[in-house]
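Undergrad: Next come a sequence and a model predicted from it.
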Amino acid sequence: MMDGAALFTALVVFAALVAMATERAEPSTALGMALAVLLLGGAVEANAALAGLANPAVVTVGLLFIVGAAVRRSGALARLTSAALGRRALPGLSIARLMLPVALLSAFLNNTPVVAMLLPEVRAWARRHGIAPSRLLLPLSYAAILGGLCTVIGTSTNLVVNGMLVQRGLRPVGFFEIGQLGLALVVGGILLIAAFCRTLLVDRPDTDAFADPRDFTTEVLVEAGGPLDGARLREIRLDAGRPLVPVEIDRDDHVLSAPRLDTVLRGGDRLVIAGAMATVLAATKAPGLRKADDSAFSEATLGQERRLLEVVVSERCPLVGARVGNGSFRATYGAAVLALARNGERVAAAREGGWILRAGDTLLVEAGSDFASRHRFHPHFHVVLGAEARAPAPRWQTFAAIGALLGMVGLAATGTLDMLSAAALAVIGLLAVGLVDRQVIRDSVDLRVLFAIAAAFGIGGAIEQTGLAATLAHALTAVGNSPFGALAAVYLATAVLTELMTNNAAAVMMLPIGLAAASEQGASPMPFAIVVMVAASASFATPMGYQTNLMVYGPGGYHFTDFLRAGVPMGLLVAALTLWLVPTLWPF
C-alpha cells in the first residue's frame, strides 16, 4: 500500500504522462512542471530535484550534439550514401546495404543528424531506381535506432542511464560493453527487414502531394491606380481582417520571393496567393485586386531567383502547435508556405489562419535560391527535397571531423579519459580548426532536451525517495516471481512508457524501479540497467515514439498502421533477443 507521499508522486507523474501522450505539453514543459509540483509538495528535496543540472551525463549529451553537428557539416555522411546503396536496386539487398552502415554511424553519432543527412539522399536514390521511398525510409530509421544500442554514446539514453548508475555508486556500463547485445540486435533487425521486406514494408505511392503548385495557388493582379497601388503589405487587410501575405510578387519579369511586410505594391504586380480557401477568395474580391486570367506560376518558371523546397518539421520547431500559412513561417525563416502534407497527403487549409503545424509535417515552401544552403542543417526542420547538390566539403574538414570523433571514442573506450572529458576535448579541437563556431553550438544544442533530461532526474529522485520505486518494483516482482520474470516486467513497462514520453525520461523514471526490483530479487543491478537502456530506445511501432520515426513519417507517405506492421515484429524480435541474451551476458 502506497503512503501519501508515494501516492502524490504517482498522481503527478501520471498527470505529466497524460499531458505528453495527448500532446497538451511538450516533454520539457510537462516534466518541468511535474518536478516543480513535486518540489513544492515536499516529495523531493531541492538537492535531489536539481541534481540533473549538475550530472555529467547531461553535459556530455550537449557536447555530443556539437560533435555530431560538426561531423554532419563536414560532409562525411553524404560521401557514404552512394557507396552504401550501390547502383543496383534489389529490394532485400538494397535494404541491407543501407541499414548496416547507418547502424555503424549511429553507434558513434546522434542518430537524428544521421537520418536527417541521409533522408533526402535515400529518397532521391529510390526515385532514380523506381523504388517507392517507403521501402527504404523506415529501414533507415530502424537502423539508426538499433545502431544506437551498440555503444554507451550511441544514444543519449545510454549516457543518462550510465550517469545514474555512477550517481548511485554502481559500476557503469563499459564503452563497448552494451555492444555485445547491440550487434546481435543490429544483425537480427537487418535480417528481419531484408528477408521479409515484401511483407513488413508497404509500397506507398510516390505521388507527389505538391506535384503542380497551380493546384493550390491563385494569382491576382494589382490594378494600376487602384486603392492598393502604392500600399505596403502590412497595411492591407482583407475581409474579416485577414492579412494579405502573397507567396511571391512577379514585377516586370523580376520576382520578389516571400516578400517582406514593408514591400510596396505597384500597379501591374502579379501576386501568387496560397493558403486557406477563404483567404484566396477574399483576395480575388478585394478592391484593387482582380483575378488573373492566366497562370504563370509553376515550378518550371522558377528560374534562378527562387526555389520550391520540401522541408520536414522537427519537434524542435517553435512553430509546432501554431498556425502557419499566415506569414509566421516567413517572418521566422524567410520562406513562404505554399502547402502542407501530412501522411503523404496534402492538407487543405480550411481555417482562415492556415494550418496548425505538427512535428513530422512536410511543408512546400518558396524561398530564395540560397535558402537551402543557409538552412540545410537547421535544427527546426530538415530540407528533404529541392535543394541543389552542394559542393562537397573540403576533404580536410571531413578528415578533421572524423579524426575528432575517432579520437573521442578512442580516449573514452580505453579509459584514458572519462566520456565528459573526451567529448569536451573533441569540441575544443573542432573549435580550433573552425568546424564549430557559436552558430553551430547555438543550433545543435537542444536545450529543451537537456532540460527534459535534467527534470527527469529530479522526478526519478522523487520516485525513489518517496518509496514509489520500491512499491512498483514489488508489484513487478510479484507478477514475475523470479529474477527473469522481474526483468521481463521491467522491459515491458519501460517499452510502454517510452511510447508515451521521451526515451530519456522513460529511462530515468524506470531505472530506480528496475534497481529496486533487482534488490528485491537479490539480483545484480546490471541486467536491469541494460534492459532499461534497450527498452527505452526500442520504439518502433509508432511514428511519435522516436524522433527518427517522425522524420521519415511524412517523406515516406506512411500511414500510422505502417509502423505497426513493421514495428511490432521488430519490437518483438528485439525484446526476445534482449531477454534471451541479457541474463547470459550479465548474469543475475
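TA: Sure, I can see it.
Undergrad: What ranges does the stretch 451-588 of the chain have for its helices?
TA: Read by DSSP state H, counting those that start in this stretch, the stretch 451-588 of the chain holds these helices, from start to end of the chain: 468-480, 483-498, 503-521, 525-537, 547-553, 560-585.
Undergrad: what residues does stretch 181-199 touch?
TA: Residues outside stretch 181-199 that contact it (Cβ atoms under 8 Å, 6 or more residues apart in numbering) are 91-93, 95-96, 99-100, 103, 107, 135, 139, 142-143, 146-147, 149-151, 154, 200-201, 530, 534, 566, 569-570, 573-574, 577-578, 581-582, 585. The way it works is simple: take the backbone N, C-alpha and C, and place the C-beta from them, glycine included.
Undergrad: Weed out the non-buried ones from these.
TA: Among these, those classed as buried by neighbour count (16 or more other Cβ atoms under 10 Å) are 95-96, 99-100, 103, 107, 135, 139, 142-143, 146-147, 149-151, 154, 200-201, 530, 534, 566, 569-570, 573-574, 577-578, 582.
Undergrad: can you list the domains in the chain?
TA: Residue ranges for the structural domains of the chain, counted by automatic domain parsing, are given in the record as 4-45+453-585, 62-207+398-447, 213-385.
Undergrad: Tabulate the ones you listed in a markdown table, adding columns for mean pLDDT and distance to residue 51.
TA: What follows is the domains of the chain, written out as a markdown table (pLDDT from 0 to 100; distance: least, Cβ to Cβ, whole Å):
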| stretch | mean pLDDT | distance to residue 51 |
| --- | --- | --- |
| domain 4-45+453-585 | 83 | 6 |
| domain 62-207+398-447 | 81 | 7 |
| domain 213-385 | 70 | 25 |
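Undergrad: Which one of the ones you listed lies nearest to residue 55?
TA: Comparison of the domains of the chain against residue 55 by Cβ to Cβ identifies domain 62-207+398-447 as nearest, at 5.1 Å.
Undergrad: Quick one: end-to-end length of the closest one, please.
TA: With Cα to Cα, to the nearest Å applied, domain 62-207+398-447 spans 8 Å between its terminal residues.
Undergrad: Likewise for stretch 44-54?
TA: Distance between the boundary residues of stretch 44-54 (Cα to Cα) amounts to 16 Å.
Undergrad: Show me which positions of that stretch end up buried.
TA: Judged by neighbour count (16+ other Cβ under 10 Å), stretch 44-54 contains these buried residues: 44, 48-52.
Undergrad: Tell me which entries of those residues lie within helices.
TA: Secondary structure of the buried residues of stretch 44-54 is defined by DSSP state H; positions in helices are 48-49.
Undergrad: Next, format the buried residues of stretch 44-54 as JSON lines and append distance to residue 525.
TA: Written out in JSON lines, the entries for those read as follows (distance: Cβ to Cβ, whole Å):
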{"residue": "44", "distance to residue 525": "22"}
{"residue": "48", "distance to residue 525": "19"}
{"residue": "49", "distance to residue 525": "24"}
{"residue": "50", "distance to residue 525": "25"}
{"residue": "51", "distance to residue 525": "19"}
{"residue": "52", "distance to residue 525": "20"}
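Undergrad: And the buried residues of stretch 44-54, which is closest to residue 121?
TA: With Cβ to Cβ as the yardstick, the closest approach to residue 121 among the buried residues of stretch 44-54 comes from residue 52, at 36.7 Å.
Undergrad: quick one: contacts for the closest residue to the closest one other than its chain neighbours?
TA: Counting by Cβ to Cβ, 6 or more residues apart in numbering, residue 457 is the residue found nearest to residue 52 once chain neighbours are left out, at 2.9 Å. Applying Cβ under 8 Å, 6+ apart to residue 457 gives the contacts 51-52, 55, 58, 160, 164, 508.
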